[in-house]
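*Asks:* coords please:
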Amino acid sequence: MKNFLVFISLFSAVAVFADGNAFPPCPSIPVIAHRGFSGRQPENTLAAFRAAIEIGASGAECDTRRASDGTIYIMHDDNFKRTTGHDIPAGTIPYTEIAKFDAGNGEKIPTLKEYLNLL
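*Replies:* The predicted structure follows:
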């Protein structure tokens, strides 16, 4: 039964983001925003996490990486190319450089601290 509930949760999250609308509240099935509301905003950005909060998601999943200076930031890939256009492996540059990248729609790649402060 536990695996079935997990499947339903994942299915619900995908269905929410497929058409951009939230489901009616259903307390027994949590809706987890994958990389924030990445169907509406650039993934793993503060805009995506704000959008997930606005539609009433139960939670948000994010991915973290460590910059060469030790700063923990939010990003899924092991390279910046797909999300920012910069073909640079994650973990090889300091966050001061990462903060200059556009992750889409003018959004920057946030730090873990910025993400937690949003919540």
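
*Asks:* and residue 92, what element?
*Replies:* For residue 92, there is no host helix or strand (DSSP states H and E).

*Asks:* where does it sit relative to residue 29, distance-wise?
*Replies:* Plainly put, residue 92 is 40 Å away from residue 29 if you go by CB to CB, to the nearest Å. Glycine gets a C-beta too; all of them are placed from N, C-alpha and C.

*Asks:* Which of these two has more residues huddled nearby?
*Replies:* Shown here are residue 92 and residue 29; by other CB atoms under 10 Å, residue 29 has more neighbours (14 against 11).

*Asks:* so is that one in a helix, a strand, or just coil?
*Replies:* Under the three-state scheme (DSSP: H, G, I helix; E, B strand; the rest coil), residue 29 adopts coil.

*Asks:* Which residue is the nearest non-sequential neighbour of residue 114?
*Replies:* Using CB to CB, 6 or more residues apart in numbering and skipping residues adjacent in sequence, the residue nearest residue 114 is residue 46, 6.3 Å away.

*Asks:* wait, doesn't that neighbour sit right on residue 110?
*Replies:* Yes - the pair residue 46 / residue 110 is scored as a contact, 5.1 Å apart, by CB atoms under 8 Å.

*Asks:* Of the two, which one has the most company?
*Replies:* residue 110 (25 against 20).

*Asks:* what stretches of the protein score poorly on pLDDT?
*Replies:* Scanning the chain for pLDDT under 70 picks out 1-27.

*Asks:* swap the cut-off to 80 and go again
*Replies:* 1-29 (pLDDT under 80).

*Asks:* quick one: the strands in it?
*Replies:* 32-34, 59-61, 64-66, 72-74 (DSSP state E).

*Asks:* Show residues contacting the last one.
*Replies:* Think strand 72-74. With contact meaning CB atoms under 8 Å, 6 or more residues apart in numbering, strand 72-74 is reached by 44-45, 62-67, 95, 98, 109-113, 115.

*Asks:* just how off-centre is it within its chain?
*Replies:* 11 Å (CA atoms, centre = their mean, to the nearest Å).

*Asks:* Now residue 101, what are its backbone angles?
*Replies:* For residue 101, the backbone dihedrals (degrees, to the nearest 10) come out as phi -70, psi 150.
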